[in-house]
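K.L.:
show me the folded form of this:
(chains A and B)
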Amino acid sequence: MFNISKIRKDFPILKRKINGKPLVYLDNAATTQKPQTVIDSLVDYYTYHNANIHRGIHTLAEEATAMHEEARSKIAKFIGAKSTKEIVFVRNSTEAINLVAYSWGRSFLKKGDAIILSESEHHSNIVPWQILAKEKKIKLYFIPVKDDGKLDLDYFKKIFTPQVKLVSLVHISNVLGTINPVEEIGELAHEVGALFLVDAAQSVPRMPVNVRKLDCDFLAVSGHKMLGPTGIGFLYAKEEILSSMPPFLGGGDMIREVYLDHSEWNELPFKFEAGTPNIADAIALGTAVDYLEKIGMENIFRHEKKLTDFALRRLGKLSYLSIYGPKTVENKTGVISFSVKGIHPHDVAQLLDQEAVAIRSGFHCAMPLHQKLQMPSTCRASFYVYNTTEDIDRLVEGLDKAVKIFQ
Amino acid sequence: MDSYYRENILDHYKNPRNFGKLNKPTAGLKLFNSACGDVISMEVKTETASSSGKTIADIKFQGEGCAVSMASASLLTAYAKGKKITDILSLGTEDVLKLLGINLTPSRLKCALLPLETLQKTLLQIKNGNSNK
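P.N.:
Numbering: from 1, shown residues only, chains lettered A, B, ... in the order given. Below is the predicted model of the structure:
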């Protein structure tokens, strides 16, 4: 049962007032707020269980290890992984993608190989591959984005050659909210023997995602965009692929045996987790997963679709406003980018902040997409489980007010 | 709201002073703020006054950006006209805020300071002899 007023009570920050008005938080694509259970989880760990994991024999070390690995199990189950060996803790989805680029890319790609990305990628799914491309002399192709925000799949099929070794694609665009047809693209990738990476930073938080249904080889996720703390995220990768990859970082915990002239790697997933990990935040991410599962990802998806639909209708009626990307909720959710005629996005964001409405302005870490769609920097409102239609009313009121000031 | 968007700033945003290009400038420069896409270009014509060094005889700017950055450019160019190069080179953050008459959060400060940075780099070209003439 989806009870929005009950959900809102779980988030203490929503009681905050900014400039004397109740906070309306619409910057969820950047990071989400945290429920009390997640905050409590951090306090509980440091208050009662803090210890280093995997080596200690004492009670606290055993407890901390068990809690850390339990969080990994929750995450594995949450996304439908076959086992916890397939879940590597990292800081965020950026680090997850870098791990694949550095470990898999450096080992398995050679001169003349190619990687397919899209024009709608976040910088985190462009820059690591640019670095790799320069080093290994491989080619990068970009699936074009059409004016309606959707990918040009006909073109995509044309650039598909046997040289393509990886397709790395964003699931939900952090600028346009477009839900890309990842199942279809993954199938095409596998047909030519390429691996398939899904940047799920915006999708895992707001829709049911099952890695076995997607049949992706890699999936990158940030914890802080799904109610978890900052500094923790995870990489999912198929076990056989992870096994074939060399370590990312070297150090403690990722080894079984160390000699002066060589070392033997630890089993999965620990081979990829050098040094003391972010224990408390991993545990709290497990708590965030519990919270999301209790509400149900289907319910969250439906709630956000409804909000996005409502917002598209409300914003669509404003004569001074232009919406970028899909104008309906078909293949879109959670994120709306727009511009206000005659007012720079910075000014819009500042004036909305005076009304306690938090949105984002700028390029949203996707400059190539802005250039392609000839968008200047934009305003972005993004929703999550605790947002209401009243929040969108407040957004519209704030926009009306801003326009009046600039008249 | 009123503190940020005082009439003064909105006036300079909507009716920027010294907006445009100069005929035969002594030096010019264009700078971007890649974080938000703001762009400012400045052109300066200098003349050498008797003993006090070079002064800014004329100045124009062009650009796109938020109200804060455009108003800052407009106010700065109005202030700079007729001043000595060395006077403008010694301006800092506080002086720009004084011109704007507002306080800014750190993220907005970048918007306000881009015009000054552009102008000072243009003037340094002249001072160091790297200008058009």
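
K.L.:
strands along chain B, start to end?
P.N.:
B:27-33, B:38-49, B:53-64 (DSSP state E).

K.L.:
turn those into a markdown table, columns for mean pLDDT, distance to chain A and mean neighbour count.
P.N.:
Where C-beta positions appear, they are placed from N, C-alpha and C, glycine not excepted. Formatted as a markdown table, the strands of chain B follow (pLDDT from 0 to 100; distance: least, Cβ to the nearest Cβ, whole Å; neighbours: other Cβ atoms under 10 Å in any protein chain shown):
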| stretch | mean pLDDT | distance to chain A | mean neighbour count |
| --- | --- | --- | --- |
| strand B:27-33 | 92 | 10 | 18 |
| strand B:38-49 | 91 | 8 | 20 |
| strand B:53-64 | 93 | 8 | 19 |
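
K.L.:
as JSON lines, those strands with distance to residue A:198 would be great.
P.N.:
Shown next, in JSON lines, are these (distance: least, Cβ to Cβ, whole Å):
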{"stretch": "strand B:27-33", "distance to residue A:198": "33"}
{"stretch": "strand B:38-49", "distance to residue A:198": "34"}
{"stretch": "strand B:53-64", "distance to residue A:198": "36"}
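
K.L.:
those: which one's closest to residue A:316?
P.N.:
With Cβ to Cβ as the criterion, residue A:316 lies closest to strand B:53-64 of the strands of chain B, at 26.1 Å.

K.L.:
chain center to that closest one: distance?
P.N.:
Chain-centre distance of strand B:53-64: 8 Å, with Cα atoms, centre = their mean, to the nearest Å.

K.L.:
stretch B:41-54 now?
P.N.:
On the basis of Cα atoms, centre = their mean, stretch B:41-54 sits 15 Å off its chain's mean C-alpha point.

K.L.:
low-confidence ranges, chain B, go.
P.N.:
B:1-5, B:50-52, B:131-133 (pLDDT under 70).

K.L.:
mind checking the SS state of residue A:141?
P.N.:
strand (DSSP: H, G, I helix; E, B strand; the rest coil).

K.L.:
show me the beta-bridge partners of it.
P.N.:
When assigned by DSSP bridges, residue A:141 has beta-bridge partners residue A:116.

K.L.:
give me every residue that touches it.
P.N.:
Neighbouring residues of residue A:141 by Cβ atoms under 8 Å, 6 or more residues apart in numbering or on different chains: A:114-117, A:159, A:164.

K.L.:
how about 7 Å then?
P.N.:
A:114, A:116, A:159 (Cβ atoms under 7 Å, 6 or more residues apart in numbering or on different chains).

K.L.:
now, of these, which are buried?
P.N.:
A:114, A:116 (16 or more other Cβ atoms under 10 Å in any protein chain shown).

K.L.:
now flag whichever of the contacts of residue A:141 is closest to chain B.
P.N.:
Using Cβ to the nearest Cβ, residue A:116 comes nearest to chain B of those, at 26.2 Å.

K.L.:
and residue A:61, what element?
P.N.:
helix A:59-79 (DSSP states H and E).

K.L.:
who does the next helix or strand after that helix pair up with?
P.N.:
The first helix or strand that comes after helix A:59-79 along the chain, using DSSP H and E, is strand A:87-90. Strand A:87-90 has the following strand partners under DSSP bridges: strand A:233-237 (antiparallel).

K.L.:
and the longest helix seen in chain B, what does it pack onto?
P.N.:
Counting residues, the longest helix found in chain B (DSSP state H) is helix B:106-127. For helix B:106-127, the packing partners by 3 or more Cβ pairs under 7 Å, 6 or more residues apart in numbering or on different chains; DSSP states H and E come out as strand B:27-33, strand B:38-49, helix B:67-80, helix B:85-89, helix B:93-100.

K.L.:
what sits against the residue of chain B found nearest chain A?
P.N.:
Relative to chain A, the nearest point of chain B is residue B:66 (3.6 Å; Cβ to the nearest Cβ). Residues in contact with residue B:66 (Cβ under 7 Å, 6+ apart) are A:344, A:346-347, B:38, B:111.

K.L.:
gap between the closest residue to residue A:293 other than its chain neighbours and chain B?
P.N.:
The spatially closest residue to residue A:293, leaving aside those adjacent along the chain, is residue A:78, at 6.7 Å (Cβ to Cβ, 6 or more residues apart in numbering or on different chains). Residue A:78 is 34 Å from chain B, where distance means Cβ to the nearest Cβ, to the nearest Å.

K.L.:
ok, the residue nearest to residue A:30 when sequence neighbours are not counted to chain B distance?
P.N.:
By the measure of Cβ to Cβ, 6+ apart, the closest residue to residue A:30 outside its immediate chain neighbours is residue A:360, 5.7 Å from it. According to Cβ to the nearest Cβ, residue A:360 stands 11 Å off from chain B.

K.L.:
and residue A:360, what are its bridge partners?
P.N.:
residue A:380.

K.L.:
test my guess that it contacts residue A:380.
P.N.:
Yes. In this structure, residue A:360 is within contact of residue A:380 by Cβ atoms under 7 Å, at 4.6 Å.

K.L.:
okay, these two: which has more neighbours?
P.N.:
Set residue A:360 next to residue A:380 and count neighbours by other Cβ atoms under 10 Å in any protein chain shown: residue A:380 wins out with 27 against 21.

K.L.:
isn't the more buried one up against residue A:359?
P.N.:
Yes. Counting by Cβ under 7 Å, residue A:359 is a contact partner of residue A:380 at 6.3 Å.

K.L.:
check contacts around the nearest residue to residue A:18 once chain neighbours are set aside.
P.N.:
Residue nearest to residue A:18 in three dimensions, not counting chain neighbours: residue A:356, with 3.8 Å by Cβ to Cβ, 6+ apart. By Cβ under 7 Å, 6+ apart, residue A:356 lies in contact with A:17-19, A:21-24.

K.L.:
ditto for residue A:375
P.N.:
Contacts of residue A:375 (Cβ under 7 Å, 6+ apart): residue A:324.

K.L.:
helix/strand/coil for it?
P.N.:
coil.

K.L.:
tell me the spacing between it and residue A:359.
P.N.:
Residue A:375 is 16 Å from residue A:359, where distance means Cβ to Cβ, to the nearest Å.

K.L.:
residue B:107 too?
P.N.:
Distance from residue B:107 to residue A:359, by Cβ to Cβ: 14 Å.

K.L.:
more crowded one of these two?
P.N.:
Shown here are residue B:107 and residue A:359; by other Cβ under 10 Å, residue A:359 has more neighbours (24 against 14).

K.L.:
so what does the more buried one have for phi and psi?
P.N.:
Main-chain torsions, residue A:359, degrees, to the nearest 10: phi -130, psi 180.

K.L.:
which ones are touching it?
P.N.:
A:26-27, A:349, A:352, A:379-381.

K.L.:
in the residues you listed, find the pair that's most separated.
P.N.:
Most distant of the contacts of residue A:359, by Cβ to Cβ, are A:352 and A:380, 11.5 Å apart.

K.L.:
ok so, going back, elements contacting the helix holding residue A:61?
P.N.:
In this structure, helix A:59-79 packs against strand A:87-90, helix A:279-295, with contacts taken as 3+ Cβ pairs under 7 Å, 6+ apart.
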